[in-house]
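Undergrad: Need coordinates for the following:
(one chain, ligands or ions: 1)
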Amino acid sequence: MTKEMGLIMKYISTRGNQQELQSAEAIIAGIAADGGLFVPTSLPNLEAGFIENLIDLTYQERAQKVLAKFLVDYTAEELEKCVNNAYGDANFDSPAVAPTVNFGKENSVLELWHGPTSAFKDMALQLLPQLMSTALQKTGEKAEIVILVATSGDTGKAALEGFKDVEQIRIMVFYPQDGVSQIQRLQMVSQKGSNVAVVAVNGNFDDAQTGVKNIFSDKAFNTELNTKGFQLSSANSINWGRLVPQIVYYFSSYADLLKNNKIKNGDKVNFVVPTGNFGNILAGYYAKTMGLPINKLICASNANNVLTDFLKTGTYNKKRAFYKTNTPSMDILISSNLERLLYHIGGGDRAQVKEWMTALNTNGEYSVNKTYVDKIQEAFWADWASDEQTAAKIKEVYDQYNYIVDTHTAVAWEVADRYKLKTGDNRPNIIVSTASPYKFNESVLKALDATKVVNTDEFKMLDELEKLNATKVPAGLSSLRNAEILHSKQCVKEDMAVTVKKLLY
Ligand SMILES: *Cc1c(COP(=O)(O)O)cnc(C)c1O
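TA: Numbers count the residues shown, from 1 in each chain. Next comes the predicted model:
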């Protein structure tokens, strides 16, 4: 693909006729004015040799090559600076950044939790602020950007770490009061930085996310903020700048398997992804459509298995019980990024996407037609694991490999094994590991040895877990022991917009 052709790639809303934007503009905006998500107008093709050429590169260099396919309005120098700032050893405790660890012949684990907050959100949220900051310079945008984040736990801290003290940007994080772990809460309420705010919302994650979405689509409110010199943006995975960094590690993991002679170039692999908002796995779908040899993207859910049902039947129905599980980062009933998949599956039929998203909003459900279902099932396979199955898998993996996985990763591992059993597919499964086990220490410890959970002090449990684990407690978590609480704001879910205003002026 020539540079000129590359420049043709622009970004449009999944839902309507908003004008085409450059990627820098789409990253600043976050969400489209009509409530849709930005998607690229065309998908890049890989030139021959693209994947082999990644083998001997660092993660940063691989990232630069993959990002350049989508962020065509950024110069090579800009991208180089962004990835070096994001993925340096000041932020990541593995020089490989996202290493792939092999277990036996058939299973590999892609560890995405070596960043500052010990969860995979760092992969995107260390880079997004760099991309956004560069975008502000490129576009000459003068407004102060206000990042609003709704979090089920991990995004909030990762976004705060990424955006803290970034010039011309403020960040406000809303988390469900009773929907995050003690460690997750501590990570957020102890956040330093002159431009950060952290607020507890009385509701679940979907309440917080709906609140943020409503603020984004409230035209009068946005106009009022604009006149005061502020512009809202998003660091949730609805922002294209959140999604695009995640495409990189699918390529990087494949390149690592090539490098270690686990596969030959062109061999197809499966990625098994513990899924909530459908951001991580959608990045895998972009990699697959670009030509990365992926056989199936396996969507692993917990008891909130709305995606399992959708991928199996074509009906998305959010009208169901909401469960609090031992995988809280996947306790989600509205998976926002599915909208982008529908756009691409339907060849860009925006009226259709809009109709379904409206139906979801008003009736709580929609059904796609058979053509969509068939195309989706070509690329995806889905199943879910209960809390009990998840705990049993943690124990089983530990007994077999002396390796400790977190609950979310265990969901993926359980579904990976089931996939193999049900389909007989013996291609390598790459299990996408989204959090350090220390981040969900209570559930993990309970799974390994319930007698160790003698009280609910999270730090005692960190110590107990460390005794069983080959790797140490990450610095970002052990430092929380003495962390000062800096944020104690609360609001009811109806008052989120008012809270934003109060924090700004
Ligand atoms: C966010 C998160 C997920 C879900 O990722 P999505 O992109 O929302 O599908 C899974 N596991 C962990 C640990 C997470 O933090």
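
Undergrad: So residue 233 belongs to a strand, correct?
TA: Yes. Read with DSSP: H, G, I helix; E, B strand; the rest coil, residue 233 is one of the residues of a strand.

Undergrad: which non-adjacent residue is nearest it?
TA: Of all residues not flanking residue 233 in the chain, residue 30 sits nearest, at 4.0 Å (Cβ to Cβ, 6 or more residues apart in numbering). For every residue, glycine as well, the C-beta is placed using N, CA and C.

Undergrad: how far is the helix or strand hosting residue 478 from where the chain is centred?
TA: For residue 478, the element it lies in under DSSP states H and E is helix 475-478. Relative to the mean C-alpha coordinate of its chain, helix 475-478 is positioned 21 Å out (Cα atoms, centre = their mean, to the nearest Å).

Undergrad: per-residue confidence averaged over the very next helix or strand once past that helix?
TA: If you walk from helix 475-478 toward the C-terminus, the next helix or strand you reach (DSSP H and E) is strand 489-492. Averaged over strand 489-492, pLDDT sits at 96.

Undergrad: Packing partners of the helix or strand just after strand 489-492?
TA: Following strand 489-492 in sequence order, the next helix or strand is helix 496-504 (DSSP H and E). Here helix 496-504 touches strand 144-150, strand 169-176, strand 196-202, helix 205-217, helix 219-227, strand 489-492, going by 3 or more Cβ pairs under 8 Å, 6 or more residues apart in numbering; DSSP states H and E.

Undergrad: could I get those as a markdown table with mean neighbour count and distance to residue 314?
TA: Formatted as a markdown table, the helices and strands packed on helix 496-504 follow (neighbours: other Cβ atoms under 10 Å; distance: least, Cβ to Cβ, whole Å):
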| stretch | mean neighbour count | distance to residue 314 |
| --- | --- | --- |
| strand 144-150 | 23 | 27 |
| strand 169-176 | 24 | 30 |
| strand 196-202 | 22 | 33 |
| helix 205-217 | 21 | 22 |
| helix 219-227 | 13 | 33 |
| strand 489-492 | 15 | 37 |
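
Undergrad: Could you tell me which residues make contact with residue 238?
TA: Shown in contact with residue 238 (Cβ atoms under 8 Å, 6 or more residues apart in numbering): 30-31, 37, 336-337.

Undergrad: any idea whether it is helix, strand or coil?
TA: On the basis of three-state DSSP, residue 238 is classed as coil.

Undergrad: Next, find the distance separating it from residue 148.
TA: 11 Å (Cβ to Cβ, to the nearest Å).

Undergrad: Mind checking the helices and strands packed on helix 496-504 for the one nearest to residue 106?
TA: helix 205-217 (33.9 Å; Cβ to Cβ).

Undergrad: Can that closest one be said to contact the ligand?
TA: No. Helix 205-217 stays clear of the ligand (Cβ under 6 Å from any ligand atom), getting no nearer than 10.3 Å.

Undergrad: Remind me what that helix packs against, helices and strands.
TA: Using 3+ Cβ pairs under 8 Å, 6+ apart: helix 205-217 touches strand 144-150, strand 169-176, strand 196-202, strand 230-234, helix 496-504.

Undergrad: Residues in contact with the longest one: which ones?
TA: In this case it means helix 496-504. 146, 148, 170, 172, 174, 197, 199, 201, 208, 211-212, 214-215, 218, 221, 225, 228, 230, 489, 491.

Undergrad: Ok, the shortest one next?
TA: Counting contacts by Cβ under 8 Å, 6+ apart, the residues outside strand 230-234 that touch it are 28-31, 132, 141, 143-149, 212, 215-216, 222, 225, 239, 504.

Undergrad: re earlier: closest one of the contacts of residue 238 to the ligand?
TA: residue 337 (7.0 Å; Cβ to the nearest ligand atom).

Undergrad: contacting residues for the residue lying closest to that closest one once chain neighbours are set aside?
TA: Leaving aside its chain neighbours, residue 337 sits nearest to residue 278 (3.9 Å; criterion: Cβ to Cβ, 6+ apart). Contact analysis of residue 278 by Cβ under 8 Å, 6+ apart lists 237, 299, 307, 335-338, 341.

Undergrad: Can you find the helix or strand in this structure with the smallest mean pLDDT?
TA: helix 3-7 (a mean of 46; mean pLDDT, DSSP states H and E).

Undergrad: average pLDDT for the following helix or strand past it?
TA: Downstream of helix 3-7, the next assigned helix or strand under DSSP H and E is strand 11-13. Mean pLDDT, computed over strand 11-13, is 96.

Undergrad: by contact count, what packs against strand 11-13?
TA: Strand 11-13 is packed against helix 23-29, strand 38-40, with contacts defined by 3+ Cβ pairs under 8 Å, 6+ apart.

Undergrad: Residue numbers of the stretch 151-300 of the chain in contact with the ligand?
TA: 154, 237, 274-280.

Undergrad: I'd like to know which of those residues are part of strands.
TA: residue 274 (DSSP state E).

Undergrad: Can you tell me the SS state at residue 431?
TA: With three-state DSSP as the basis, residue 431 sits in strand.

Undergrad: how much space between it and the ligand?
TA: Look at residue 431 and the ligand: by Cβ to the nearest ligand atom, to the nearest Å, they are 12 Å apart.

Undergrad: cool, and residue 402?
TA: 22 Å.

Undergrad: now do residue 186
TA: Taking Cβ to the nearest ligand atom, one finds residue 186 at 16 Å from the ligand.

Undergrad: I'd say that residue and residue 483 touch.
TA: Yes. The criterion here is Cβ atoms under 8 Å, and residue 186 meets it with residue 483 at 6.3 Å.

Undergrad: Of the two, give the one with the bigger neighbour count.
TA: residue 186 (19 against 13; other Cβ atoms under 10 Å).

Undergrad: Low-confidence ranges, this structure, go.
TA: Along the chain, segments meeting pLDDT under 70 span 1-7, 454-455.

Undergrad: before we move on, back to that, for the contacts of residue 278, which one is nearest the ligand?
TA: For the contacts of residue 278, the nearest to the ligand is residue 237 (5.4 Å; Cβ to the nearest ligand atom).

Undergrad: which residues in the stretch 51-200 of the chain form helices?
TA: Counting by DSSP state H, counting those that start in this stretch, the stretch 51-200 of the chain has helices at residues 59-70, 76-87, 121-125, 128-139, 154-163, 182-189.

Undergrad: Include distance to residue 462 when you put those helices into JSON lines, please.
TA: Output for those, formatted as JSON lines (distance: least, Cβ to Cβ, whole Å):
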{"stretch": "helix 59-70", "distance to residue 462": "28"}
{"stretch": "helix 76-87", "distance to residue 462": "26"}
{"stretch": "helix 121-125", "distance to residue 462": "19"}
{"stretch": "helix 128-139", "distance to residue 462": "28"}
{"stretch": "helix 154-163", "distance to residue 462": "16"}
{"stretch": "helix 182-189", "distance to residue 462": "8"}
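
Undergrad: Most tightly packed of the ones you listed?
TA: Highest mean neighbour count of these: helix 121-125, a mean of 30 (counted as mean count of other Cβ atoms under 10 Å).

Undergrad: what does it contact?
TA: Here helix 121-125 makes contact (Cβ under 8 Å, 6+ apart) with 91-92, 98, 112-116, 154-155, 157-159, 161-163, 235, 237, 241-243, 245-246, 248-249, 279.

Undergrad: if you set the cut-off to 6 Å instead, what comes out?
TA: Residues from elsewhere that reach helix 121-125 (Cβ atoms under 6 Å, 6 or more residues apart in numbering): 112, 115-116, 154-155, 158-159, 162, 242, 245-246.
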